[in-house]
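J.: here's a sequence, model it:
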Amino acid sequence: MTVTVETLEKLERKITLTLPVGTIQNEVDSRLKKLARTVKMDGFRPGKVPMNVVAQRYGYSVHYEVMNDKVGEAFSQAANEAKLRVAGQPRITEKEEAPEGQLAFDAVFEVFPEVKINDLSTAQVERLTAEVSDEAIDKTLDILRKQRRTFAQRALDAAAQDTDRVTVDFEGKIDGEPFQGGKAEDFQFVIGEGQMLKEFEDAVRGLKNGDSRTFPLSFPADYHGKDVAGKQADFMVTVKKIESTHLPEVNEQLAKSLGIAEATVEGLRADIKRNLEREVKFRLLSRNKTAVMDALIANAELDLPKASVQQEVQRMVEGARAELKQRGIKDADKAPIPEEIFQAQAERRVRLGLVVGELVRVNNLHAKPEQIKAHVDELAASYEKPQDVVRWYFSDNNRLAEVESVVIENNVTDFVLGKAQVSDKSVSFDELMAQQQQG
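T.: Numbers count the residues shown, from 1 in each chain. A predicted model of the protein is given here:
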C-alpha cells in the first residue's frame, strides 16, 4: 500500500489509497468458500452448493463488504502512520485511473485542530458570591407552611379577601360568544397568589357567599391562550364558598411533620439553611463555570471541524425529537426540525469541548477517583438514604462518566480562576435564584 496526504483547506485533508486487486479478490474468494460451507439453497444439500452458484448469488454483496473492510483498514492504517487525529467519517470515492493491477481511492476528511490557548492571566472573569440570609430561611419556611396550610369556611356574611380560598362558577364571552376555557364550575383559587389575572381577583375580592358580579377583562397580548390573547371578554362570576387560610405555627410539631431529626425550631431552621447552602453552592458553581468557559473560548484560537459540528447538530436534533416524543407529540421522530437553529449552540459546544480537552491534557486536570467519590457523596447528601444513591451511581458506568465530566469541568473552573483576573461580585439569594431561572 502506498499513501499520500494532501492538505485541501484548513482542517480538510485527502489521502490517496491504492490496493492490489489481487488482495481484494483473494479475500472475496476466501469469504465465498467459507459461505459455501453453510449456505442453504433449493435443490442442494447444505455445504454442497457449487462455487459458481454461490458466487452468482452472493458475489456482489461479498465484494462490496470486502471493499468496505479493506479500504477502511487501509485508511485507518494510513491515518495512524501519518499521526492524524481524524474528526468524523471520511468521504471515500474510487478513482477512475489507477496503476495496473491496483484500485485507487480518495479519502477526504477533517482532522482535529491545533488548539492555542492564550495567556490566561489576561482573561477577565466575574465570580459571583452569595450567602444564605435569615430572610431566605424565613421565605423558605413560609413556603413550607403554605404547603401544609388548612382552610376553614368563613361565615356566610363574610367578604372575600386576600389569602382566602374561594370556590366560584364563572363564564366569559367575547363579542357575546362563549370561548374555549372561558367557563368553569366549582373552580377554586386563593386570592392574591396570582393564579388568576388581576382583574378577575379584583372582581371577586369583597364579594360574599352567593354574590355575583359581571366585569370586563382584558387578556394580555402575551397570554398563553393564543385564541384570546389581546382580546377583551365580559365575565360573570358567582361565589359559592369562601374559606380562610390557616398556616401552621413554626414550632416543634411543624419540624416533626417535616421529618427533621432534631425536631425543634432551631433544628428546622438549621436544616433549611443546610439545604439552601447546598443549592446556593451548586448554582454559584454553575454560573461561575459558565463565566469561566466564556473566558476560555475568548482566549482560545482554533478552527472548528465541520464534521464534529454537524454531528453535534444531529445529536441536538435527535434530542429535540426525543423531548417532543416524551410530551406525547405524534410522529415526533419525523418532526421537521430545522438544523440551523442549533448551529450556533453546536459550534460553541464543539469549540468548548476542544479547548477544555486541551487544557485538561496539558495541565493534567483529569478527574481523580477521590474527587468522583466526593462529588457523588455530595449529590447523595440531600436524599433520605444517601448510601442507596451512592450505590446507584457506582453501579452504572454511564452515570459515573457523567460525574467524571462534571468533576473535570470543576477542575478546569478552579484552574482558570487561579490564573485569571477575577472580580468578585456579591449578589443576594433572590438575585441568584432569579439569574438561574433566566439562564
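
J.: could you export stretch 405-416 as PDB, CA atoms only?
T.: Taking C-alpha atoms only, stretch 405-416 is exported to PDB below (Å, rounded to 0.1, in the frame of the first residue of the first chain):
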ATOM      1  CA  SER A 405     -17.300  15.000  33.200                       C
ATOM      2  CA  VAL A 406     -18.600  17.400  35.900                       C
ATOM      3  CA  VAL A 407     -15.600  16.900  38.100                       C
ATOM      4  CA  ILE A 408     -13.300  17.700  35.100                       C
ATOM      5  CA  GLU A 409     -15.300  20.900  34.400                       C
ATOM      6  CA  ASN A 410     -14.900  21.900  38.100                       C
ATOM      7  CA  ASN A 411     -11.100  21.200  37.900                       C
ATOM      8  CA  VAL A 412     -10.900  23.400  34.800                       C
ATOM      9  CA  THR A 413     -13.000  26.100  36.500                       C
ATOM     10  CA  ASP A 414     -10.700  26.200  39.600                       C
ATOM     11  CA  PHE A 415      -7.600  26.200  37.400                       C
ATOM     12  CA  VAL A 416      -8.800  29.200  35.300                       C
END
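
J.: avg pLDDT for it?
T.: For stretch 405-416, mean pLDDT is 94.

J.: now do the helices in this protein.
T.: 21-36, 51-81, 134-147, 198-204, 252-257, 265-298, 306-326, 343-363, 369-380, 386-394, 397-419, 429-438 (DSSP state H).

J.: dump the C-alpha coordinates for the first one into PDB.
T.: Written as PDB, here are the backbone C-alpha positions of helix 21-36 (Å, rounded to 0.1, in the frame of the first residue of the first chain):
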ATOM      1  CA  VAL A  21      -6.700  -6.000  -7.000                       C
ATOM      2  CA  GLY A  22      -5.400  -9.500  -6.000                       C
ATOM      3  CA  THR A  23      -5.700  -8.700  -2.300                       C
ATOM      4  CA  ILE A  24      -9.400  -7.800  -2.800                       C
ATOM      5  CA  GLN A  25     -10.100 -10.900  -5.000                       C
ATOM      6  CA  ASN A  26      -8.300 -13.300  -2.600                       C
ATOM      7  CA  GLU A  27     -10.400 -12.100   0.300                       C
ATOM      8  CA  VAL A  28     -13.600 -12.300  -1.800                       C
ATOM      9  CA  ASP A  29     -12.800 -15.900  -2.800                       C
ATOM     10  CA  SER A  30     -12.000 -16.800   0.800                       C
ATOM     11  CA  ARG A  31     -15.300 -15.500   2.100                       C
ATOM     12  CA  LEU A  32     -17.300 -17.100  -0.600                       C
ATOM     13  CA  LYS A  33     -15.600 -20.500   0.200                       C
ATOM     14  CA  LYS A  34     -16.500 -20.100   3.800                       C
ATOM     15  CA  LEU A  35     -20.000 -19.100   2.900                       C
ATOM     16  CA  ALA A  36     -20.400 -22.200   0.700                       C
END
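
J.: and it, what does it pack onto?
T.: helix 51-81, strand 102-111 (3 or more Cβ pairs under 8 Å, 6 or more residues apart in numbering; DSSP states H and E). (C-beta placed from N, C-alpha, C; glycine too.)

J.: repeat for the fourth one
T.: Contact analysis of helix 198-204 by 3+ Cβ pairs under 8 Å, 6+ apart lists strand 165-174, strand 212-218, strand 232-246 as its packing neighbours.

J.: go again using 10 Å as the cut-off
T.: If you count contacts as 3 or more Cβ pairs under 10 Å, 6 or more residues apart in numbering; DSSP states H and E, helix 198-204 packs onto strand 165-174, strand 177-190, strand 212-218, strand 232-246.

J.: closest one to Met41 among these?
T.: strand 177-190 (65.1 Å; Cβ to Cβ).

J.: ok so, going back, export the helices of the chain to TSV and tack on distance to Phe179?
T.: Formatted as TSV, these follow (distance: least, Cβ to Cβ, whole Å):
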stretch	distance to Phe179
helix 21-36	70
helix 51-81	61
helix 134-147	32
helix 198-204	15
helix 252-257	43
helix 265-298	41
helix 306-326	28
helix 343-363	38
helix 369-380	47
helix 386-394	48
helix 397-419	47
helix 429-438	31
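
J.: so which of those helices comes closest to His246?
T.: Taking those one by one with Cβ to Cβ, helix 134-147 is closest: 9.9 Å.

J.: and the closest one, what does it pack onto?
T.: By 3+ Cβ pairs under 10 Å, 6+ apart, helix 134-147 packs against helix 252-257, helix 265-298, helix 429-438.

J.: would you mind getting the angle between it and strand 177-190?
T.: 110 degrees (axes from the mean of the first three to the mean of the last three Cα atoms, to 10 degrees).

J.: tilt between helix 134-147 and helix 265-298?
T.: 110 degrees.

J.: dump helix 134-147 to PDB, restricted to CA.
T.: Presented in PDB, the C-alpha positions along helix 134-147 are these (Å, rounded to 0.1, in the frame of the first residue of the first chain):
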ATOM      1  CA  ASP A 134     -32.100  34.700  57.700                       C
ATOM      2  CA  GLU A 135     -34.600  36.300  55.200                       C
ATOM      3  CA  ALA A 136     -34.100  33.500  52.700                       C
ATOM      4  CA  ILE A 137     -34.700  30.900  55.500                       C
ATOM      5  CA  ASP A 138     -37.800  32.800  56.500                       C
ATOM      6  CA  LYS A 139     -39.100  32.800  52.900                       C
ATOM      7  CA  THR A 140     -38.500  29.000  52.700                       C
ATOM      8  CA  LEU A 141     -40.300  28.500  56.000                       C
ATOM      9  CA  ASP A 142     -43.300  30.400  54.600                       C
ATOM     10  CA  ILE A 143     -43.300  28.200  51.500                       C
ATOM     11  CA  LEU A 144     -43.200  25.100  53.700                       C
ATOM     12  CA  ARG A 145     -46.100  26.400  55.800                       C
ATOM     13  CA  LYS A 146     -48.200  27.200  52.700                       C
ATOM     14  CA  GLN A 147     -47.700  23.600  51.500                       C
END
